[in-house]
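*Asks:* no sequence on this one, just coordinates:
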């Protein structure tokens, strides 16, 4: 039998090095002044930023989920990195933290430097939008794990907040208003269901137009998750925000209660914001129950901000000046922790 | 057609919640005093530890690679988490950093709470050995990504080091000695090649004994990666360490040069440490060239520490008192950055 080499076993270190050469300058373009040194050592170095009295590290990890399957079908790989960063940094943000740095884990069956470069370009774009540094990552070539052309992607975000300024929902009070910031579409959750409806029930291909949307399936389903970092960090300097929720898997129903005190109930008025057309389309084509829709998808609201009534107008103006679409979607009432829906039915 | 639900699309949020219930107490058992709050919010909180003048965050991400395939074959899931933590924290450690906290990303085709609990038990054991807190993680159910029963695992480690005490190899000097700390076996690299040799060339099953090793394939190939944190952090208080290298993918040949100055060459004497039997077995059964072995596997050395000659005996004694097996495996000479092998052939 022939002598075996590591390359014959399916691992191509030279292609991996080529990928690293392409990634390096991209990553360095995101470096903040706190970053020390270069990518390439065993680990990455970031100074604790100046100006904190009691600095608290805030961290989160997440993936992009089966949204990646749409990227595979469309062979479009430069946007899922934005989703990856968004999932992490929006999670830090809702606690009042400023994102500092990010690392990614990319696992694929075969290293294709061009594809890795496209993926990392997306991550870099996300980091740019969030103002954080891409300081490291791992590209793992795992023969036999992933179908040809497929990959998985995980991200890790670390930020910092002054201990006394952590936003945790403990000060939420009946009468507070819920501000909803518009999502850019499905964001990165509910894709197992969305794909089933669009590709199986509706029988569409990824390049087909979505009925009534004026967009292809790929364009709608790959719209990058919105990153709310810059407007919200600005808002936090100006207004006492009582709670925030990032609307991910579980929807409004699952995510909002996570930041409410035991005695506070969120009452959401469904008629108060424009629901993007993709949601009624999925509901109708999949005959998905409305409650199921609200606990699976963001339904057009990517981030909820809870403030006292007297701050609502200031918040709206400030967020709108950053280009956010803001709706007053409900209020806090006394009651068991949870979400209650009132008002108009979806899609009227 | 029937109404669709998220569960029918392959995602079982109730099973995920059951998994979270099992994981929570395990993770909390690792909490250090710097950890604030509970797992379950959008992110995790860790105070910057006291006692640093210029604290620098050190971070790393890695996976376990195709070692996971052996865990699938053996249906043994409580050790790969140790590997996951080891890969991350040893990377921080070689720069002198104390591991602070860890997050994991676990992606699987189907949530099986018992299996997730076993995997997290391993991660918790790794965190315990490394003295770091498991503060968060993501369990992603990705139908259609992973073969039945399979999963992927990524980890993110964050530590801290005083800026003036970063170990980066810049002070390495000709005449310095290389101390090699014994590995526990293959650790977490080279498994694509090792599996090809053991399962294809040798035709063994995972429960079969490995010829001449007195162990089953599973026991040898799933031996957890050694975590060197506690002895090395102790060493760093006592001795001026000039460089350290974590011997991962790329072996001694690939990893040692990463921490050497341009004008320093590592000369390694192959006859100086006991090479575990798994390595000559793979070399012979796979007819793998010796140079290929040294750039694919750790060959019995999991961590290399570079110190001035006058500190060698102190280091050896201190590390041995922690149960480490230490060998003087070579020295630094003037020359182009790289690794040169001298001495006896492997396996004599």
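*Replies:* Sure thing, it's come through. Small disclaimer: the values here were computed from a predicted structure and weren't measured.

*Asks:* got phi/psi on residue A:328?
*Replies:* phi -90, psi 110 (degrees, to the nearest 10).

*Asks:* remind me, longest helix of chain A?
*Replies:* helix A:113-130 (DSSP state H).

*Asks:* which helix or strand lies directly C-terminal to that one?
*Replies:* Sequence-wise, the next helix or strand downstream of helix A:113-130 (DSSP states H and E) is strand A:133-141.

*Asks:* if we can go back for a sec, for the record, mean pLDDT for the longest helix of chain A?
*Replies:* Mean pLDDT, helix A:113-130: 96.

*Asks:* what does it contact?
*Replies:* For helix A:113-130, contacts defined as CB atoms under 8 Å, 6 or more residues apart in numbering or on different chains pick out A:15, A:18-19, A:22-23, A:26-27, A:29-30, A:77-86, A:89, A:99, A:102, A:104, A:106, A:108, A:133-134, A:137, A:139, A:151, A:153, A:155, A:224, A:227, A:229-230. Using the backbone N, CA and C atoms, a C-beta is placed for each residue, glycine as well.

*Asks:* which ones among those lie within strands?
*Replies:* Using DSSP state E, A:99, A:102, A:104, A:106, A:108, A:133, A:134, A:137, A:139, A:151, A:153, A:155 are the members of those that sit in strands.

*Asks:* out of the residues you listed, which are close to chain B?
*Replies:* Filtering these for proximity to chain B by CB under 8 Å from any CB of the partner chain leaves A:104, A:137.

*Asks:* pull the most distant pair out of the ones in strands among the contacts of helix A:113-130.
*Replies:* By the measure CB to CB, A:99 and A:108 form the most distant pair in those, at 25.7 Å.

*Asks:* between those two, who's got more neighbours?
*Replies:* Neighbour totals were compared for residue A:99 and residue A:108, and residue A:99 leads with 29 against 23 (other CB atoms under 10 Å in any protein chain shown).

*Asks:* just checking, the more buried one touches residue A:135?
*Replies:* No. Contact criterion CB atoms under 8 Å: residue A:99 and residue A:135 do not qualify, at 11.8 Å.

*Asks:* list the buried residues in stretch A:274-283.
*Replies:* For stretch A:274-283, burial by neighbour count (16 or more other CB atoms under 10 Å in any protein chain shown) applies to A:275, A:276, A:277, A:278, A:279, A:280, A:281, A:282, A:283.

*Asks:* between the two ends of it, how far is it?
*Replies:* End-to-end span of stretch A:274-283 (CA to CA, to the nearest Å): 16 Å.

*Asks:* state the mean pLDDT of that stretch.
*Replies:* 97.

*Asks:* contacts for it?
*Replies:* Stretch A:274-283 is contacted by residues A:182-183, A:185-186, A:193-194, A:197-198, A:210-213, A:220, A:288, A:290, A:293, A:297, A:299-300, A:325, A:327, A:346-347 when judged by CB under 8 Å, 6+ apart.

*Asks:* I'd like to know which of the residues you listed are buried.
*Replies:* With burial judged by 16+ other CB under 10 Å, the buried subset of the contacts of stretch A:274-283 is A:182-183, A:185-186, A:193-194, A:197-198, A:210, A:220, A:288, A:293, A:297, A:299-300, A:325, A:327, A:346.

*Asks:* against residue A:257, how distant is the residue most central in space within chain A?
*Replies:* Nearest to the mean C-alpha position of chain A, counting by CA atoms, centre = their mean, stands residue A:87 at 2.6 Å. To residue A:257, residue A:87 is 20 Å away according to CB to CB, to the nearest Å.

*Asks:* and residue A:327, by the same measure?
*Replies:* Applying CB to CB to residue A:327 and residue A:257 gives a distance of 20 Å.

*Asks:* low-confidence stretches in chain A?
*Replies:* Applying pLDDT under 70 to chain A flags the ranges A:1, A:9-11, A:38-40, A:343-348.

*Asks:* okay, helices next: where are they in it?
*Replies:* Going by DSSP H, chain A shows helices at A:13-28, A:67-74, A:80-93, A:113-130, A:191-195, A:217-221, A:229-238, A:251-255, A:278-286, A:290-294, A:312-321.

*Asks:* kindly report the domain assignment for chain A.
*Replies:* A:13-165, A:177-342 (automatic domain parsing).

*Asks:* which of those domains is buried the deepest?
*Replies:* Ranked by mean neighbour count, the domains of chain A are led by domain A:13-165 with a mean of 22 (mean count of other CB atoms under 10 Å in any protein chain shown).

*Asks:* for that one, measure first residue to last.
*Replies:* Per CA to CA, the first residue of domain A:13-165 is 46 Å away from its last.

*Asks:* how distant is it from the center of its chain?
*Replies:* Relative to its chain's centre, domain A:13-165 lies at 12 Å (CA atoms, centre = their mean, to the nearest Å).

*Asks:* next: stretch A:182-194.
*Replies:* 10 Å.

*Asks:* do stretch A:313-329 as well
*Replies:* Distance of stretch A:313-329 from the chain centroid (CA atoms, centre = their mean) equals 20 Å.

*Asks:* outside of it, which residues touch it?
*Replies:* Under the contact criterion CB under 8 Å, 6+ apart, stretch A:313-329 has outside partners A:177-182, A:228, A:230-232, A:234-235, A:238-239, A:268-269, A:272-274, A:301, A:304-305, A:307, A:312.

*Asks:* wait, isn't residue A:227 in contact with residue A:87?
*Replies:* No. Residue A:227 is beyond contact range of residue A:87, at 9.7 Å (criterion: CB under 8 Å).

*Asks:* next, give phi and psi for the nearest residue to residue A:182 once chain neighbours are set aside.
*Replies:* Leaving aside its chain neighbours, residue A:182 sits nearest to residue A:325 (3.7 Å; criterion: CB to CB, 6 or more residues apart in numbering or on different chains). Dihedral angles of residue A:325 (phi, psi; degrees, to the nearest 10) stand at phi -100, psi 120.

*Asks:* how close does residue A:325 get to chain B?
*Replies:* Residue A:325 sits 22 Å away from chain B, going by CB to the nearest CB, to the nearest Å.

*Asks:* over to residue A:240?
*Replies:* Counting by CB to the nearest CB, the gap from residue A:240 to chain B is 19 Å.

*Asks:* and residue A:180, by the same measure?
*Replies:* Using CB to the nearest CB, residue A:180 is found at 17 Å from chain B.

*Asks:* OK, contacts around that residue?
*Replies:* Residues in contact with residue A:180 (CB under 8 Å, 6+ apart) are A:272, A:273, A:300, A:301, A:303, A:304, A:326, A:327, A:328, A:329.

*Asks:* bridged to it, which residues?
*Replies:* Assessed by DSSP bridges, residue A:180 has beta-bridge partners residue A:304, residue A:327.

*Asks:* distance of it relative to residue A:250?
*Replies:* 16 Å.

*Asks:* do the same with residue A:116
*Replies:* Taking CB to CB, one finds residue A:116 at 31 Å from residue A:250.

*Asks:* just residue A:120 next, same as before
*Replies:* Counting by CB to CB, the gap from residue A:120 to residue A:250 is 29 Å.

*Asks:* once you drop chain neighbours, what's closest to residue A:4?
*Replies:* Excluding the flanking residues, the one nearest residue A:4 by CB to CB, 6+ apart is residue B:286, at 4.1 Å.

*Asks:* got the contact list for the one you found?
*Replies:* So residue B:286 contacts A:3, A:4, B:193, B:196, B:197, B:201 (CB under 8 Å, 6+ apart).

*Asks:* contacting residues for the first one?
*Replies:* Contact partners of residue A:3, counting by CB under 8 Å, 6+ apart, are B:286, B:287, B:288, B:289, B:292.

*Asks:* could you redo the last one with a cut-off of 10 Å?
*Replies:* B:283, B:286, B:287, B:288, B:289, B:292 (CB atoms under 10 Å, 6 or more residues apart in numbering or on different chains).
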